[in-house]
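Q: have a look; sequence and predicted model below, questions after that.
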Amino acid sequence: MRSLDELMSKAKNKKTIASWSYETNITTYNEEQLLKISLEVAEEEKEYWKETMSYLWREYEDNDLKRMFQKYSELGTSALPEDLNERLIMAINNMQSTYAKATICDYKDRTKCDLHVEPDVTDIFANSKDPEELKYTWLEWHKAAGAASNGNFTEYVQMNNEAAKLNGYDSVAEWWLSEYEAPDSEDQFAYLWSQIKPLYQQIHAYVRRHLRLKYGDNIVSAKGPIPAHLLGNIWAQTWGNVEKFTRPFPDKADIDITAALIAQNYTPLKMFKTAEDFFKSLNLSGMPDLFWEKSILEKPNDGRDMVCHASAWDFYDGEDFRIRQCTTITDAFFKTTHHEMGHIQYYLQYKDQPVIYRAGANPGFHEAVGDVIALSVATPKHLRKMGLLEDGPEDMESNINQLYKMGLDKIVFLPFGYLLDLYRYGVFRGTTTPQDYNCHFWQLRESLQGVEPPAPRTEADFDPAAKYHIAADVEYMRYYISYIIQFQFHQALCHLAGDYTPGDDNKLLSNCDIYKSGAAGEALGRIMEKGSSQPWNQILQDTIGESRLSGEALRDYFRPLEEWLSSENLRTGEYIGWSYDESTLT
Ligand SMILES: C=C(C[SeH])C(=O)N1CCC[C@H]1C(=O)O
Ligand SMILES: [Zn+2]
């Protein structure tokens, strides 16, 4: 097992270097190199697997050794015959490249046709209040990035399902679910949604009312889904960009820090150094020199094609850890910077584990760490300490505004985070056939999220691939789990930091800041250092004394907002929920 670990470290390092080279500079040569090295490593892994499986490991007494063998018994996509593996790799590379290279023309200047999703489309959705510009941009992006990948996606589904079967799963859905190590994971995920849905319906109804007041009821109906192009994000997955003109108490001070970041000459590097400082304040690790040397923290201006979507990379040699992020100076990217550095911190904390255990306790844990830090950073108390927010009252109205802004990110995201893989489970299981790819996607968008497209869609469209994670074969339930569990972590760490007292309005969970808390840092470190060496519910129990996922901590955090939204929606008589026949689609 030790010699296998050494061999796997080298193989994964080789593959990761090839992936990094391709994704940060999409050229024919780099794509060919990635394919060549991926196939070489797959053959190597097949050889290691044959020998590993020659041991009678299922009869071993040592649970830890058995766990390692169990994980190695899953060969992954390398189990595919080389020709099918090549088809799978090419299908994914083609979708990634389509997404990365997709450009659209500017609504106001149709001769300017070099707009990418980052930063151009993202900025338009953050700033435009022109429904026609937003509708045009939404339709153009989904055509350029989504429709073009329909064929490759069908090939990807077929090849990936072949791999799943060779690993003993009925489909990729069961393979992805196995990462959560519980036979009832799907039921757990559905139960979490039942806990959160009432809160989501309240914020959805409130936002729909204010969008109707702004854009008129011939664009936003009173009882139907919300048109997706009006929510400040190309995927309508978080709605923070409508906060300014929809917040409960508009005469209170603005709490968006984008202007302050720019005014104080924040650079991408300074944003990352600020995030590093928070982790060091918890007695966790600083970033190694190699991190600063090798990371790409802003989009190179040499005109290259690259995947800009923010990501953190472990090169599996215990030394090389990088972030790739096309940072712009915004409140949103300040949060993403902490999110990505949370991944690097996790890599650093488990870097001495066997390679096979260098993963999150479950995929949701890895997505949660950075966000837990960002929950403390986002408090007015912390932002004032950093000089990024003016002094102001800590009254009820300010607190509701702050919770509302956070809710447009965290509450709003949950149905989107849940449905993206509900959709793909159906695709992998075949209950959603290629003829229904787009229709079933929008059925889920409307039924779970209460969102509808700005114009009728057909099967000539393929809107799912306009989302990075679908084009790049990245499992997504991890974010849904993260947005639940980060509040469980936050609640436990705030207890340890002594900055939260249930029932005490002066020690609200939503105003807790764990900055400089050694006790909180020690607990967070113990969660991360285990990697995936034990089942996640055992790690959770041993560190924060909980053994299951629960939406209660999130509900506790947002309780004052939920009460305010319920009474406000009652006062205005807003319809709670949405029905399709009310939709505005002609
Ligand atoms: C920031 C990352 C890289 Se791991 C990301 O993809 N996230 C973070 C929030 C949800 C999801 C998304 O952007 O869709
Ligand atoms: Zn992440």
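A: Now that the structure is in, tell me what you want to look at. Numbering: from 1, shown residues only. Ligands and ions are numbered 1, 2, ... in the order given.

Q: please count neighbours and contacts with C-alpha atoms only from this point.
A: OK.

Q: near ligand 1, which residues of the stretch 351-500 of the chain?
A: Counting by C-alpha under 6 Å from any ligand atom, the stretch 351-500 of the chain comes close to ligand 1 at Tyr479.

Q: which stretches of the stretch 351-500 of the chain form helices?
A: Along the stretch 351-500 of the chain, counting by DSSP state H, counting those that start in this stretch, helices occupy 363-377, 380-385, 396-429, 437-449, 468-471, 477-497.

Q: buried sites along the fifth one?
A: It refers to helix 468-471. Along helix 468-471, these residues count as buried under the neighbour rule (16 or more other C-alpha atoms under 10 Å): Tyr468, Ile470, Ala471.

Q: in TSV: the helices of the stretch 351-500 of the chain, plus mean pLDDT.
A: As requested, the helices of the stretch 351-500 of the chain are exported to TSV (pLDDT from 0 to 100):
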stretch	mean pLDDT
helix 363-377	98
helix 380-385	96
helix 396-429	98
helix 437-449	98
helix 468-471	98
helix 477-497	98
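
Q: of all the ones you listed, which lies closest to Ala519?
A: Judged by C-alpha to C-alpha, the one of these that comes nearest to Ala519 is helix 477-497, at 5.9 Å.

Q: and the closest one, what other elements does it pack with?
A: helix 363-377, helix 396-429, helix 518-529, helix 552-572 (3 or more C-alpha pairs under 8 Å, 6 or more residues apart in numbering; DSSP states H and E).

Q: tell me the most buried of the ones you listed?
A: When these are scored by mean count of other C-alpha atoms under 10 Å, the highest mean neighbour count falls to helix 363-377 (a mean of 24).

Q: outside of that helix, which residues touch it?
A: For helix 363-377, the surrounding residues in contact (C-alpha atoms under 8 Å, 6 or more residues apart in numbering) are 179-180, 278, 335, 338-343, 346, 359-360, 382-383, 477-483, 485-487, 489-490, 510-515.

Q: ok, the buried residues of helix 468-471 vs ligand 1, which is closest?
A: Of all those, Tyr468 has the smallest distance to ligand 1: 7.4 Å, by C-alpha to the nearest ligand atom.

Q: residue contacts, the closest one?
A: Listed by C-alpha under 8 Å, 6+ apart, the contact set of Tyr468 reads Gln96, Tyr99, His309.

Q: which residue packs closest to the second one, ignoring adjacent ones?
A: By that I understand Tyr99. Ala145 (5.1 Å; C-alpha to C-alpha, 6 or more residues apart in numbering).

Q: my guess is that neighbour contacts Ser97, does it?
A: No. Here Ala145 lies out of contact with Ser97, judged by C-alpha atoms under 8 Å, at a distance of 9.6 Å.

Q: looking at those two, which is more packed in?
A: Ala145 (30 against 23; other C-alpha atoms under 10 Å).

Q: is that one in a helix, a strand, or coil?
A: Following DSSP: H, G, I helix; E, B strand; the rest coil, the label given to Ala145 is helix.

Q: write out the residues of this structure neighbouring ligand 1.
A: Checking the chain against ligand 1 by C-alpha under 6 Å from any ligand atom, the hits are Ala310, Ser311, Thr336, Tyr479.

Q: in strands only, show me the residues you listed.
A: Among the residues of the chain next to ligand 1, the subset assigned to strands under DSSP state E consists of Ser311.

Q: what is the nearest of the residues of the chain next to ligand 1 to Asp391?
A: The closest of those, once distances to Asp391 are taken by C-alpha to C-alpha, is Thr336, at 24.9 Å.

Q: before we move on, the earlier item: just put the residues of the chain next to ligand 1 in JSON lines and tack on neighbour count and distance to Glu319.
A: Shown next, in JSON lines, are these (neighbours: other C-alpha atoms under 10 Å; distance: C-alpha to C-alpha, whole Å):
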{"residue": "Ala310", "neighbour count": "17", "distance to Glu319": "20"}
{"residue": "Ser311", "neighbour count": "18", "distance to Glu319": "17"}
{"residue": "Thr336", "neighbour count": "20", "distance to Glu319": "23"}
{"residue": "Tyr479", "neighbour count": "21", "distance to Glu319": "27"}
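
Q: so, low pLDDT: which residues of the stretch 101-250 of the chain?
A: Within the stretch 101-250 of the chain, the set of residues satisfying pLDDT under 70 is empty.

Q: just the helices in it please.
A: Counting by DSSP H, counting those that start in this stretch, the helices of the stretch 101-250 of the chain are 122-127, 131-141, 150-166, 172-177, 185-215.

Q: out of these, nearest to Met271?
A: Going by C-alpha to C-alpha, the one of the helices of the stretch 101-250 of the chain nearest Met271 is helix 122-127, 18.9 Å.

Q: of the contacts of Tyr468, which is the most crowded?
A: Neighbour counts for those, by other C-alpha under 10 Å, peak at Tyr99, which reaches 28 neighbours.

Q: which element is that residue on?
A: Using DSSP states H and E, Tyr99 falls within helix 82-101.

Q: which other helices and strands does that helix contact?
A: helix 28-52, helix 150-166, helix 468-471.

Q: just the pLDDT at Pro393, thanks.
A: Pro393 is assigned a predicted lDDT (pLDDT) of 85.

Q: for it, give its distance to Asn399.
A: 9 Å (C-alpha to C-alpha, to the nearest Å).

Q: center of this structure - which residue?
A: Centroid-nearest residue in the chain, with C-alpha atoms, centre = their mean: Tyr479, separated by 4.6 Å.

Q: residues in contact with it?
A: With contact taken as C-alpha under 8 Å, 6+ apart, Tyr479 is in contact with Gly364, Glu367, Ala368, Gly417.

Q: look up how far Asp473 lies from the third one.
A: Think Ala368. To Asp473, Ala368 is 20 Å away according to C-alpha to C-alpha.

Q: likewise the first one?
A: Relative to Asp473, Gly364 is positioned 16 Å away (criterion: C-alpha to C-alpha).

Q: burial of the residue nearest to Leu192 when sequence neighbours are not counted, as a residue count?
A: Nearest residue to Leu192 in three dimensions, chain neighbours excluded: Gly551, at 5.9 Å (C-alpha to C-alpha, 6+ apart). Neighbour count of Gly551, defined by other C-alpha under 10 Å: 19.

Q: so Gly551 makes contact with Ser482?
A: No. Assessed by C-alpha under 8 Å, Gly551 is found out of contact with Ser482, at 11.0 Å.

Q: the host helix or strand of Asp64 vs helix 28-52, what angle?
A: Under the criterion of DSSP H and E, Asp64 resides in helix 63-72. Angle between the axes of helix 63-72 and helix 28-52 is 130 degrees (criterion: axes from the mean of the first three to the mean of the last three C-alpha atoms, to 10 degrees).

Q: quick revisit: which of the contacts of Tyr479 sits closest to ligand 1?
A: Among the contacts of Tyr479, and counting by C-alpha to the nearest ligand atom, the member closest to ligand 1 is Glu367, at 6.5 Å.

Q: and of the helices and strands packed on helix 82-101, who's closest to Thr103?
A: Nearest to Thr103 among the helices and strands packed on helix 82-101 is helix 468-471; the distance by C-alpha to C-alpha comes to 14.2 Å.
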